[in-house]
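Asks: whatever this is, show me its structure:
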Amino acid sequence: MRERDVIIAGAGPGGAALAARLAALGLADRTLVLDRARFPRTKPCGGGLTGHAVEAMAAVGLTLDVDHTPAPEAEVRYGAFARRVRLARPVAIVRREEYDASLVAQVRARGVEVREGEGVTGFAVDGAGVTVTTPRASYRARVLVGADGAGSLVRKRVRPRDATPIRLFRGEIPAPPAWRDRRDMVYDFSLMAEGVRGYLWLFPVPGGRLNVGLMHYPATKISGAALTAHLARGLARHGVELDPDTVRGWPAWGYTPSAPVAAPHLLTLGDAAGIDALTGEGIAVAMEHALVAAEVIVDGLGRGDLGFTGYRRALRRATVGRELNLDRWLARLLYGGRRWRTWLSLVLFDADVLELYAARVAGGLVLADQKPRLWRALVRHIFRLPARRRQLAQALEWTVV
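Replies: Next up, the predicted model:
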């Protein structure tokens, strides 16, 4: 039976970032990464690398070496209303097929073994470590990390009960003529008037294509078929035709600071630990989780204490945890209640709120440190709410069908 200090289940951005960081800390030959897929592989995702993702990549020594589309602007829409914001640093839009394969290659170049086509099918924890089984072999490790997405077996052991997940649907299509030269990201909230609790996106990707999708927060129950139909109808208003058969959906859970993310000899990160409930962002979150997890793992190995009782607190106190907790609260306001028009009108019509989010997306700004500005925006909103609600209703007149 082959032995390692750390086995990472999942070779996506979170697993790759953790492996790269552990290699930099001297554990390259004591780390094994297992993934059931063979790279490049299809992965449903918006593919946007925000400033935080770029910063996290640099922190773990990974580079962006695949074709990508820089998006220097974002447009936020609701019916006839549109507001554009300039980003201090463009978001890099990638195709996850090429991006994830590049990360795997970079991890291998650092001396970490990555076994493709060999996913974790089971594991057993005892007082000394974990026995991990795959369709090919059994392995022994002191630590098993679940970086294998929303369906992670490690997550199911650490957190056996889950709430209703966020739903995401994504397709990639040839860009229509009107979209071929566009380099901006579009976030459209118009479908909230029809019951969707989230937004529709259109992102330019390399090769003259569009990455399109829809995020739905679980405040209301809507079937996958109905959400796909919402996506197609919303895109049609942008002059984009979608074949519903090309759409893939997947569940995701938002980060909850009080929920368990570890157990003795077990850790989770990325989608397995919880994504951004407000935006659905996962790439930056996973890599930032990996930075925290690496320090916790190395410290635990050094002290011989692998209970990981402090990991949840470490995540919560890190910048990524503080940001996720703020977005969890904002998502419940914007998507989770009956007063969504009140909060959506704040997001759309307060220029300072959008500028704050633009600065955060570009990187370098921590929204959780901007609470005075957010409170000032809320006070302004209280006085301007009646006018903003009217403006919201007027913006939608041409949209609802």
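
Asks: ok, longest helix in this protein?
Replies: Ranked by residue count, the top helix of the chain under DSSP state H comes out as helix 371-395.

Asks: and that helix, what's buried?
Replies: Within helix 371-395, the residues scored as buried using 16 or more other CB atoms under 10 Å are 374, 377, 380-381, 388, 392, 395. Quick note: C-beta positions are derived from backbone N, CA and C, even for glycine.

Asks: and of those residues, the nearest to V91?
Replies: Among those, L374 lies closest to V91 (CB to CB), at 22.3 Å.

Asks: pull the contacting residues for that closest one.
Replies: Residues in contact with L374, defined by CB atoms under 8 Å, 6 or more residues apart in numbering, are 353, 356, 367.

Asks: kindly report the same for A128.
Replies: R142.

Asks: okay if I get the buried residues of helix 371-395 as JSON lines plus distance to V91 and pLDDT?
Replies: Shown next, in JSON lines, are the buried residues of helix 371-395 (distance: CB to CB, whole Å; pLDDT from 0 to 100):
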{"residue": "L374", "distance to V91": "22", "pLDDT": "94"}
{"residue": "A377", "distance to V91": "23", "pLDDT": "95"}
{"residue": "R380", "distance to V91": "28", "pLDDT": "96"}
{"residue": "H381", "distance to V91": "27", "pLDDT": "95"}
{"residue": "R388", "distance to V91": "28", "pLDDT": "95"}
{"residue": "L392", "distance to V91": "27", "pLDDT": "94"}
{"residue": "A395", "distance to V91": "25", "pLDDT": "93"}
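
Asks: rebuild the residues you listed as TSV, extending it with distance to V240.
Replies: Putting the buried residues of helix 371-395 into TSV (distance: CB to CB, whole Å) gives the following:
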residue	distance to V240
L374	34
A377	32
R380	35
H381	32
R388	29
L392	24
A395	20
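
Asks: G171: which of the residues you listed is nearest?
Replies: Nearest to G171 among the buried residues of helix 371-395: A395, at 26.2 Å, using CB to CB.

Asks: that older thread, out of the contacts of L374, which is nearest to E288?
Replies: Using CB to CB, the contacts of L374 come closest to E288 at L367, 13.8 Å.

Asks: which non-adjacent residue is nearest that closest one?
Replies: R360 (4.8 Å; CB to CB, 6 or more residues apart in numbering).

Asks: the closest residue to V247 other than its chain neighbours: what secondary structure?
Replies: Nearest non-adjacent residue to V247, counting by CB to CB, 6+ apart: G171, 4.4 Å away. Counting by DSSP: H, G, I helix; E, B strand; the rest coil, the backbone at G171 sits in strand.

Asks: ok, G171 touching G249?
Replies: No. If you go by CB atoms under 8 Å, G171 and G249 don't touch, sitting 10.0 Å apart.

Asks: of the two, which one has the most company?
Replies: Using other CB atoms under 10 Å as the criterion, G171 and G249 rank with G171 on top: 23 against 18.

Asks: can you give me the distance of the more buried one to R95?
Replies: Look at G171 and R95: by CB to CB, to the nearest Å, they are 13 Å apart.

Asks: can you list residues touching both of the two?
Replies: Listed as contacting both G171 and R95 by CB under 8 Å, 6+ apart are N211.

Asks: ok, L378 to L315 distance?
Replies: Taking CB to CB, one finds L378 at 27 Å from L315.

Asks: beta partners of the spatially closest residue to A277 that is not a sequence neighbour?
Replies: Spatial nearest neighbour of A277, chain neighbours left out: G254 (2.9 Å); criterion: CB to CB, 6+ apart. Note on G254: beta-bridge partners I275, judged by DSSP bridges.

Asks: the residue nearest to V247: what's it in contact with?
Replies: Contacts for G171 (CB under 8 Å, 6+ apart) come out as 211-213, 231, 242-243, 246-248.

Asks: and with 6 Å instead?
Replies: Applying CB atoms under 6 Å, 6 or more residues apart in numbering to G171 gives the contacts 212, 242, 246-247.

Asks: which ChimeraX command selects the buried ones in those residues?
Replies: If you want just the buried ones from the contacts of G171 in ChimeraX, going by 16+ other CB under 10 Å, the selection is:
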select :212,242,247
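
Asks: flag the least confident of the contacts of G171.
Replies: Least confident of the contacts of G171 in the model: T246, at 85.

Asks: can you list the residues that contact the helix or strand hosting S345?
Replies: Using DSSP states H and E, S345 sits in helix 340-349. Helix 340-349 has contacts (CB under 6 Å, 6+ apart) with 78, 333-334, 353, 381, 388-389, 392.

Asks: same check on stretch 228-237?
Replies: Stretch 228-237 is contacted from outside by 169, 191, 196, 200, 212, 214, 242, 244, 247, using CB under 6 Å, 6+ apart.

Asks: which residues of this structure score low on pLDDT?
Replies: For the chain, residues meeting the criterion pLDDT under 70 lie at 1, 398-401.

Asks: that one - how does it break down into domains?
Replies: Using automatic domain parsing, the domain ranges for the chain come out as 2-69+90-163+254-323, 166-252, 337-395.

Asks: wait, which of those is closest to R84?
Replies: Across these, R84 has its closest neighbour in domain 166-252 (7.2 Å, CB to CB).

Asks: so how far is that closest one from its chain's centroid?
Replies: 16 Å (CA atoms, centre = their mean, to the nearest Å).

Asks: got the end-to-end distance for that domain?
Replies: 5 Å (CA to CA, to the nearest Å).
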